[in-house]
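Novice: Using only what follows, build the 3D model:
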Amino acid sequence: MVTDSGWMTKEIFLQWFQPARPVLLIQDGHYSHISIDPLDVGVFKSFKAAFSNACHKYVMEQPGRVVTADILAALVGQAWP
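Specialist: Sure, this is the predicted structure:
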């Protein structure tokens with residue numbers, strides 16, 4: 001899935017999340033893909049930790065339950081209030 005411009009579009013982004021579809025994302029070695037951005041250090045690191053905690057808590061409280069799009073949105077909301 002690519003565009004002529006090489007940019008991600010809404011349509012292509014949504015195709016990545018089709019059910020039961022394996023995905024392989026390959027990024028080149030461009031410096032923008034491998035450098036540590038201030039957002040990675042300051043914002044996303046905190047979000048990742050909070051999201052991981054929310055997911056872990058959900059799995060412990062709801063073992064075996066399928067994670068739907070609504071539940072995923074709620075977990076993101078807990079991590080990013």
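
Novice: Heading C-terminal from the lowest-mean-pLDDT helix or strand in the chain, find the next helix or strand.
Specialist: Lowest by mean pLDDT, DSSP states H and E among the helices and strands of the chain is helix 31-34, with a mean of 62. As assigned by DSSP states H and E, the chain's next helix or strand after helix 31-34 is helix 38-39.

Novice: Centre of the chain to that following helix, how far?
Specialist: Centre-to-centre, helix 38-39 and its host chain are 17 Å apart (CA atoms, centre = their mean, to the nearest Å).

Novice: and if you look at stretch 5-22?
Specialist: For stretch 5-22, the distance to the chain centre is 13 Å (CA atoms, centre = their mean).

Novice: list the contacts for Gly64?
Specialist: Gly64 makes no contacts at all, as judged by CB atoms under 8 Å, 6 or more residues apart in numbering. To be clear about C-beta, it is placed using only N, CA and C from the backbone, and glycine gets the same treatment.

Novice: measure it to Lys57 for me?
Specialist: Distance of Gly64 to Lys57, given as CB to CB, to the nearest Å: 15 Å.

Novice: and Asp70, what helix or strand is that in?
Specialist: Here Asp70 is assigned to helix 69-79, by DSSP H and E.

Novice: quick one: average confidence on that helix?
Specialist: The average of the pLDDT scores along helix 69-79 is 92.

Novice: Point out where this structure drops to low pLDDT.
Specialist: Residues of the chain meeting the criterion pLDDT under 70: 1-2, 20-21, 23, 25-36.

Novice: For the nearest residue in space to Gln78 that is not next to it in sequence, list the residues it contacts.
Specialist: For Gln78, ignoring the flanking residues on the chain, the nearest one in space by CB to CB, 6 or more residues apart in numbering is Ala54 at 4.3 Å. Going by CB under 8 Å, 6+ apart, Ala54 touches Leu75, Gln78, Ala79.
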